[in-house]
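got a predicted model here, sequence first, then my questions.
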Amino acid sequence: MKATKRGRLGKNLPGLGVCLVLACATVGLSACGNTVQLRGNTPDPEDVAAIQPGVQSRQDIIDLLGSPSTVSTFQDRKWYYIGQKTEEIAFMKPTVIDRKVLVITFDESGLVESTRNYTMADAQDVDPVDRETPTEGRDLTLLQQLFGNIGRFSSPL
């Protein structure tokens, strides 16, 4: 019988296979980790405590806290600073961990009237209306959609 020699590569293949499987498992499991995201503008509590009603103007608030996340729709008397922290695990839907809303109300002269903080404890569920608004027009079949524009347009030449 003829004896065969195995080189170094042949001896290391089982160890290489185990390392490869472990590396793939590590990469796969790291994709399942949770991701925490911070969004919006959450002012520093010390800066919020420095706001003095009746003294500071809109420009003072911008200099102190930055621009607001949004302004009230019909009058610009209320400014909203909104920030939230969400956590997402793998492919699951993100969950809100923390949400803070600072509302600053200004009087007619543009000075701070009041400040109010809201947290997740103040949140309320909104039940949307499930009615549908009727639209004008007609429902087209698949064939009408596919072939409806044939011959409607002339060439630009």
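Right, received. Where do you want to start?

how about Ser114, secondary structure?
Following DSSP: H, G, I helix; E, B strand; the rest coil, Ser114 is assigned to strand.

can you tell me, leaving aside adjacent residues, what's nearest to it?
Among residues not flanking Ser114 along the chain, Thr105 sits closest, at 4.9 Å (CB to CB, 6 or more residues apart in numbering). (Each C-beta comes from the backbone N, C-alpha and C, glycine too.)

is it correct that that neighbour falls within a helix?
No - looking at Thr105 with three-state DSSP, it is strand, so not inside a helix.

pretty sure it is touching Leu111, no?
No - Thr105 lies out of contact with Leu111 (CB atoms under 8 Å); the separation is 10.3 Å.

show me the shaky parts of the protein.
Within the chain, the segments meeting pLDDT under 70 span 1-15, 24-25, 27-33, 155-157.

where do the helices of it begin and end?
Using DSSP state H, the helices of the chain run over residues 8-30, 45-49, 58-65, 142-147.

report the buried residues of stretch 40-60.
Neighbour counts using 16 or more other CB atoms under 10 Å place 41-43, 48, 51, 56, 60 of stretch 40-60 among the buried residues.

make a markdown table from the residues you listed and add distance to Trp79 to it.
Shown next, in a markdown table, are these (distance: CB to CB, whole Å):
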| residue | distance to Trp79 |
| --- | --- |
| Asn41 | 11 |
| Thr42 | 14 |
| Pro43 | 11 |
| Val48 | 12 |
| Ile51 | 11 |
| Gln56 | 12 |
| Asp60 | 12 |
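
who does the residue sitting nearest the centre point of the chain bridge with?
Nearest to the mean C-alpha position of the chain, by CA atoms, centre = their mean, lies Arg39 at 6.6 Å. Assessed by DSSP bridges, Arg39 has beta-bridge partners Gln84.

close enough to count as contact, it and Gln84?
Yes - counting by CB under 8 Å, Gln84 is a contact partner of Arg39 at 5.7 Å.

Leu102: how many residues sit nearby?
With neighbours defined by other CB atoms under 10 Å, the count for Leu102 comes to 23.

ok, the residue lying closest to it once chain neighbours are set aside - contacts?
Leaving aside its chain neighbours, Leu102 sits nearest to Tyr81 (4.2 Å; criterion: CB to CB, 6+ apart). Shown in contact with Tyr81 (CB atoms under 8 Å, 6 or more residues apart in numbering): 40-43, 65, 68-69, 101-102, 104.
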